[in-house]
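Colleague: Fold the following, please.
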Amino acid sequence: MDATLAFPLLIGLIGIALFFDFLNGLHDAANSIATIVATRVLRPQYAVFWAAFFNFIAFLFFGLHVAETIGRGIVSADIVTPGVIFAALIGAISWNIITWHYGIPSSSSHALIGGLLGAAVAKAGSVAIVWAGVLKTVGAIFLSPLTGFVLALVLVLSVSWIFVRATPFAVDSTFRTLQFVSASAYSLGHGGNDAQKTMGIIAVLLYSQGYLGGEFHVPFWVVITCQFMLAFGTLFGGWRIVHTMGSRITRLNPMQGFCAETGGAITLFAATWMGIPVSTTHTITGAIVGVGAARRVAAVRWGIAGSIVIAWFITMPATALIAAAVYWVTSLVG
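Modeller: The predicted structure is shown next:
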């Protein structure tokens, strides 16, 4: 695929990026709604509308720091070509479809970053990598679930102490209401961090083709379109992964669901404001494990949690290899 692109092909490539954004919402819907569905506070069909709404309006609450990181903080924007973007997206989309099919809560974020790295290195070698951004992102693989785990654990212990004299009925009623707030906050964090990843990809593509006037920025139409596609994908759910996240790792009650979502939301808000593209999947998984461990260590199905962790570690290398292969093939036939 050549470095320059005819306008219809550019539109097609933007369409592929938006399809990835849709799949991101489909794949990661579980992150926003797993706990509120598992605790039976909302039925699945209502929960997806709730999550989609807050996914969409997230751009009103956050800057575009994550989009900046994806657009020029992972690989050098100057080496990006349509071929690199195409290969990165195909690598990420392929991995998302595979993991969605098998119900594995892998990271769409790291699938995209792995694809971008694999395609860029296939084109220009290791000089294409912006190491500061990559190291920050890789560090977040470990820190975001750990932060979610610790915050959720502390919240469970604190809430248990505060409500120690309350009746079980009062506690359940209170947190059934509060879970609407925590689920909304988590969906905002999800929409704020995840939609910006596709924004960054489209913006750097437009920059590489000279449509941004020589200065990297994210046009508003890109912002609103990406938020819409993420929310649209969320509407289609992702019920295999909802089951894994919401009940197979540990059983949750409304109080625990509130603590998991709140711990995850705080983590996502902080990461988004700092421009760190974290995995919403990693974050909520860590938080769910945290609330389960607060009850007792045996309450967590560690075998399932371990298989999820393995998927985390192989996501970036797997998508990098797929994207590199796609880039080489398209280079040969182009």
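
Colleague: pretty sure Glu215 is in a helix, no?
Modeller: No. Counting by DSSP: H, G, I helix; E, B strand; the rest coil, Glu215 falls outside a helix, being coil.

Colleague: I'd like to know how far it sits from Leu206.
Modeller: Going from Glu215 to Leu206 by CB to CB, to the nearest Å gives 11 Å. For the C-beta atoms, the positions are set from N, CA and C on the backbone; glycine is no exception.

Colleague: Report the buried residues of stretch 172-187.
Modeller: Within stretch 172-187, the residues that qualify as buried are 174-176, 178-179, 182-187, counting by 16 or more other CB atoms under 10 Å.

Colleague: which secondary structure elements does the helix or strand encompassing Val121 contact?
Modeller: Using DSSP states H and E, the element containing Val121 is helix 108-124. Applying 3 or more CB pairs under 8 Å, 6 or more residues apart in numbering; DSSP states H and E, we find helix 108-124 packed against helix 7-38, helix 65-72, helix 82-101, helix 131-162, helix 168-208, helix 302-333.

Colleague: so can I have JSON lines of the ones you listed showing distance to Trp50 and mean pLDDT?
Modeller: JSON lines is the format used below for the helices and strands packed on helix 108-124 (distance: least, CB to CB, whole Å; pLDDT from 0 to 100):
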{"stretch": "helix 7-38", "distance to Trp50": "7", "mean pLDDT": "82"}
{"stretch": "helix 65-72", "distance to Trp50": "23", "mean pLDDT": "92"}
{"stretch": "helix 82-101", "distance to Trp50": "21", "mean pLDDT": "90"}
{"stretch": "helix 131-162", "distance to Trp50": "21", "mean pLDDT": "89"}
{"stretch": "helix 168-208", "distance to Trp50": "7", "mean pLDDT": "92"}
{"stretch": "helix 302-333", "distance to Trp50": "25", "mean pLDDT": "82"}
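
Colleague: Within the helices and strands, which one has the nearest residue to Thr147 once chain neighbours are set aside?
Modeller: In space, and not counting its chain neighbours, Thr147 is closest to Thr267: 4.7 Å by CB to CB, 6 or more residues apart in numbering. Per DSSP H and E, Thr267 falls inside helix 254-273.

Colleague: now the angle from that helix to helix 168-208?
Modeller: If you take axes from the mean of the first three to the mean of the last three CA atoms, to 10 degrees, helix 254-273 sits at 20 degrees to helix 168-208.

Colleague: and helix 254-273 with helix 7-38, angle?
Modeller: Using the same axes, to 10 degrees: helix 254-273 against helix 7-38 is 150 degrees.

Colleague: Please provide the alpha-carbon coordinates for the helix or strand following helix 254-273, formatted as CSV.
Modeller: Once helix 254-273 ends, the next helix or strand along the chain (criterion: DSSP H and E) is helix 280-295. Extracted C-alpha coordinates of helix 280-295, given in CSV (Å, rounded to 0.1, in the frame of the first residue of the first chain):
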residue,chain,number,x,y,z
THR,A,280,-10.4,-1.1,30.7
THR,A,281,-10.5,-4.9,30.7
HIS,A,282,-7.4,-5.1,32.9
THR,A,283,-8.7,-2.4,35.2
ILE,A,284,-12.2,-3.9,35.9
THR,A,285,-10.8,-7.4,36.2
GLY,A,286,-8.3,-6.3,38.8
ALA,A,287,-11.1,-4.5,40.7
ILE,A,288,-13.4,-7.6,40.6
VAL,A,289,-10.6,-9.8,41.9
GLY,A,290,-10.0,-7.2,44.6
VAL,A,291,-13.6,-7.3,45.9
GLY,A,292,-13.6,-11.1,45.8
ALA,A,293,-10.3,-11.3,47.7
ALA,A,294,-11.7,-8.9,50.3
ARG,A,295,-14.3,-11.5,51.1
